[in-house]
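In: kindly generate the corresponding structure for this input.
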Amino acid sequence: MKKVVLCLLVALGANAQTAKKSAATKPATLARPKLVVGIVVDQMRYDYLYRYYDQYTEGGFKRMMNEGFNCRNNHYPYALTVTAAGHASVYTGSVPAINGIVGNEWFDPIKKQEVYCVEDSTVKTVGSTTGSVGKMSPRNLLTSTVTDQLRIATNFRSKTIGVAIKDRGSILPAGHTANAAYWFDSKTGNWVTSSFYMEDLPQWVKDYNARKMPSEYLKKGWELLLPADSYTQSSPDDVAWEGKLPGAKKPVFPYELAGLAGDAFGVVTDTPWGNTITKEMAIEAIKGEKLGKGADTDFLAISFSSTDKIGHRVGPNSIEQQDDFLRLDREFADLFSFLDSWVGKGQYTVFLTADHGVVDVPGFAAEHKLPSGLVDRKLLTKTVTEALNEGFGEGKYVISTDNNQLYLDHELLRKKKISVSDVSKLVREAALTVPGIADVIDLSDIGKAPLNTYQAELYKNNINAKRSGDIQVLSQPGWFYGTATGTSHGTPYNYDTQVPFVLFGWGINKGETVRRTHVSDIAPTIAALLHILPGSGNVGTAVEEALKK
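Out: This next block holds a predicted model:
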């Protein structure tokens with residue numbers, strides 16, 4: 001019996017020692033990174049990670065992929081892939097049906113007027129005499145963001161700031177409770193904000209504006225980063241399907257840059273220099289606001305917009321876009337090097353994604369016998385209008401066509417005793433005769449839409465009762481509304497939905513997955529990393545294999 005008691009005492013003593021040791025090694029405070037940096041590259045198709053891989057430096061895209069976790073099969077879970085909706089989805093973990101950002105613009109059927117995604121007539125411009133450029137805020141975003149949730153979780157001690165050339169690329173990621181969001185005024189060359197955030201620019205912003213860097217980059221022009229024969233991943237420099245920079249006679253290197261009357265610095269944002277000034281402004285924000293230096297995690301949301309402006313003009317197979325991404329890679333390496341010295345290597349977390357992808361230019365596709373084409377919007381409008389007038393009598397049945405949706409005049413329909421279903425059937429019959437139209441669906445009864453299961457789900461996730469139209473017109477794969485030069489996006493097809501999602505830094509495992517993930521998974525992954533609540537409209541799921549236990 002004595003031996004049994006002795007053994008129990010020894011065991012209890014050992015357990016007590018283990019408990020003391022565990023208590024001694026347990027952190028006194030919750031471990032979190034000092035800074036989270038969210039990066040959205042506007043119009044970065046997934047394949048760009050690998051298409052130019054051999055020419056990337058070790059410190060930019062390669063560093064993220066080789067040191068971090070790469071979700072290689074990451075997609076948008078909704079159909080209308082455009083800038084505002086993309087940024088909103090990345091940071092809310094939601095979809096347009098819930099967060100309300102159904103496009104860059106939409107029609108308000110109640111007020112009967114067009115709405116820009118971040119417009120706000122109740123605020124004023126701060127930092128510029130260009131009156132309308134700063135009349136913006138996140139008030140049209142219906143849910144909270146992961147940046148909002150971080151602010152709430154730390155009782156607003158954490159700082160969150162957005163930086164992008166495009167107002168929507170800065171405002172929507174920064175969230176409702178942001179300390180600041182800054183965007184670019186192409187008329188003055190200044191970074192601006194709105195009175196939603198503050199009444200006057202901080203001194204560090206004024207100091208950066210005073211350096212007049214856009215003017216300096218205008219003088220430099222745009223030359224190739226590498227020897228011309230290094231651009232083997234692209235088409236020849238001079239092809240018929242590329243658009244020209246303002247003032248340029250041909251779409252070929254080298255480019256001389258000159259501002260236009262009334263828009264002196266817009267051309268800077270149409271070149272890689274737009275990414276340079278974005279990176280510079282981001283670094284100034286980190287230094288000026290001392291991000292990552294406090295007791296609580298701070299968050300910087302950066303969006304690089306110039307990739308989209310270049311991409312729309314010349315497409316993904318151009319030397320211009322290849323050069324743009326090689327230069328962007330160097331900007332990333334510079335940013336990460338700064339973060340290493342400012343916050344400390346391994347003390348910050350970065351994620352990379354994009355707001356949408358892009359389709360190949362139809363001219364390029366046709367040259368290589370790929371299915372593609374341009375939908376003739378005038379022909380489509382004429383065909384549908386004639387069919388409606390013939391079927392229901394003269395009248396203006398369609399009052400707006402945002403996001404390739406038809407917004408119908410419901411007062412007229414009630415007066416004529418016509419249902420949306422009746423209109424939809426007639427529009428579908430007429431529109432399918434137009435080259436490039438794949439289908440027409442009645443958004444008021446999408447459950448009965450003649451769509452495959454996959455696409456039906458994507459369009460369901462787009463429908464917001466107060467902001468979406470009545471009828472959706474779908475284009476065929478490879479087709480879009482546009483001109484003979486340049487390209488676009490905004491469809492449910494793979495080239496538009498598949499975008500990068502790469503994380504690296506504090507709390508992130510090294511590895512990759514090819515299982516399907518969604519852009520709506522990004523915000524809850526960051527929320528899980530930070531031990532905070534996801535956004536109010538979240539539908540995503542954390543990518544748990546990316547996070548260290």
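In: CA atoms only: put whatever helix or strand residue 422 lives in into PDB for me.
Out: Using DSSP states H and E, residue 422 sits within helix 420-431. What follows is helix 420-431, C-alpha atoms only, in PDB (Å, rounded to 0.1, in the frame of the first residue of the first chain):
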ATOM      1  CA  VAL A 420     -40.500  40.300 -66.200                       C
ATOM      2  CA  SER A 421     -40.700  36.700 -67.300                       C
ATOM      3  CA  ASP A 422     -42.500  37.700 -70.500                       C
ATOM      4  CA  VAL A 423     -39.900  40.300 -71.200                       C
ATOM      5  CA  SER A 424     -37.000  37.900 -70.400                       C
ATOM      6  CA  LYS A 425     -38.300  35.200 -72.800                       C
ATOM      7  CA  LEU A 426     -38.600  37.700 -75.600                       C
ATOM      8  CA  VAL A 427     -35.200  39.200 -75.000                       C
ATOM      9  CA  ARG A 428     -33.600  35.800 -74.900                       C
ATOM     10  CA  GLU A 429     -35.100  34.800 -78.200                       C
ATOM     11  CA  ALA A 430     -33.900  38.000 -79.800                       C
ATOM     12  CA  ALA A 431     -30.500  38.200 -78.200                       C
END
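In: residues touching the nearest residue to residue 120 once chain neighbours are set aside, list them.
Out: In this structure, residue 120 finds its nearest non-sequential neighbour in residue 137, 3.9 Å apart by Cβ to Cβ, 6 or more residues apart in numbering. Where you see a C-beta, it was placed from the backbone N, CA and C, and this is true even at glycine. By Cβ atoms under 8 Å, 6 or more residues apart in numbering, the contact list for residue 137 reads 118, 120, 122-123, 171, 194, 196.
In: counting neighbours, which of those residues comes out on top?
Out: residue 171 (34 neighbours; other Cβ atoms under 10 Å).
In: between the contacts of residue 137, which is nearest residue 444?
Out: residue 118 (27.5 Å; Cβ to Cβ).
In: ok, now which ones touch the closest one?
Out: 84, 136-138, 140, 167-168, 171-172.
In: can you pick the most crowded of the residues you listed?
Out: For the contacts of residue 118, neighbours were counted using other Cβ under 10 Å, and residue 172 has the most, 36 neighbours in all.
In: that one reaches residue 84, doesn't it?
Out: Yes. With contact defined as Cβ atoms under 8 Å, residue 172 counts as touching residue 84 (6.5 Å).
In: need the overlap of contacts for these two.
Out: Residues touching both residue 172 and residue 84 by Cβ under 8 Å, 6+ apart: 101, 117-118.
In: so residue 115 sits in a helix?
Out: No. Under DSSP: H, G, I helix; E, B strand; the rest coil, residue 115 sits outside any helix and is assigned strand.
In: check contacts around the closest residue to residue 410 other than its chain neighbours.
Out: Residue nearest to residue 410 in three dimensions, not counting chain neighbours: residue 109, with 7.4 Å by Cβ to Cβ, 6+ apart. By Cβ under 8 Å, 6+ apart, the contact list for residue 109 reads 407, 410, 466.
In: quick one: which of these sit in strands?
Out: residue 407 (DSSP state E).
In: I'd like the contacts of residue 109 as TSV, with neighbour count appended.
Out: Formatted as TSV, the contacts of residue 109 follow (neighbours: other Cβ atoms under 10 Å):
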residue	neighbour count
407	22
410	13
466	11
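In: closest to residue 483 out of the contacts of residue 109?
Out: Nearest to residue 483 among these: residue 407, at 24.7 Å, using Cβ to Cβ.
In: who's the closest one bridged to?
Out: When bridges are called by DSSP bridges, residue 407 pairs up with residue 400.
In: isn't it right up against residue 397?
Out: No. With contacts counted by Cβ under 8 Å, residue 407 stays clear of residue 397, the gap being 10.0 Å.
In: buried residues in stretch 209-223, which are they?
Out: 209, 213-214, 217-218, 222 (16 or more other Cβ atoms under 10 Å).
In: first-to-last residue distance for it?
Out: 25 Å (Cα to Cα, to the nearest Å).
In: contacts for that stretch, please.
Out: 127, 189-191, 201, 253-259, 265, 267-268, 271-273, 276-277, 280.
In: show me just the buried residues among those residues.
Out: The buried subset of the contacts of stretch 209-223 - by 16+ other Cβ under 10 Å - is 127, 189-191, 201, 253, 255, 257, 259, 265, 267-268, 271-273, 276-277, 280.
In: quick one: residue 274 and residue 104, what's the gap?
Out: Distance, residue 274 to residue 104, using Cβ to Cβ, to the nearest Å: 18 Å.
In: more crowded one of those two?
Out: When residue 274 and residue 104 are compared for neighbours, residue 274 comes out ahead with 27 against 19, by other Cβ under 10 Å.
In: please report phi then psi for the more buried one.
Out: phi -60, psi -40 (degrees, to the nearest 10).
In: any chance of the buried residues of stretch 209-223 in TSV, with secondary structure, pLDDT and distance to residue 514 too?
Out: Compiled in TSV, those are given as follows (DSSP: H, G, I helix; E, B strand; the rest coil; pLDDT from 0 to 100; distance: Cβ to Cβ, whole Å):
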residue	secondary structure	pLDDT	distance to residue 514
209	helix	97	45
213	helix	97	41
214	helix	96	41
217	helix	96	39
218	helix	94	43
222	strand	96	36
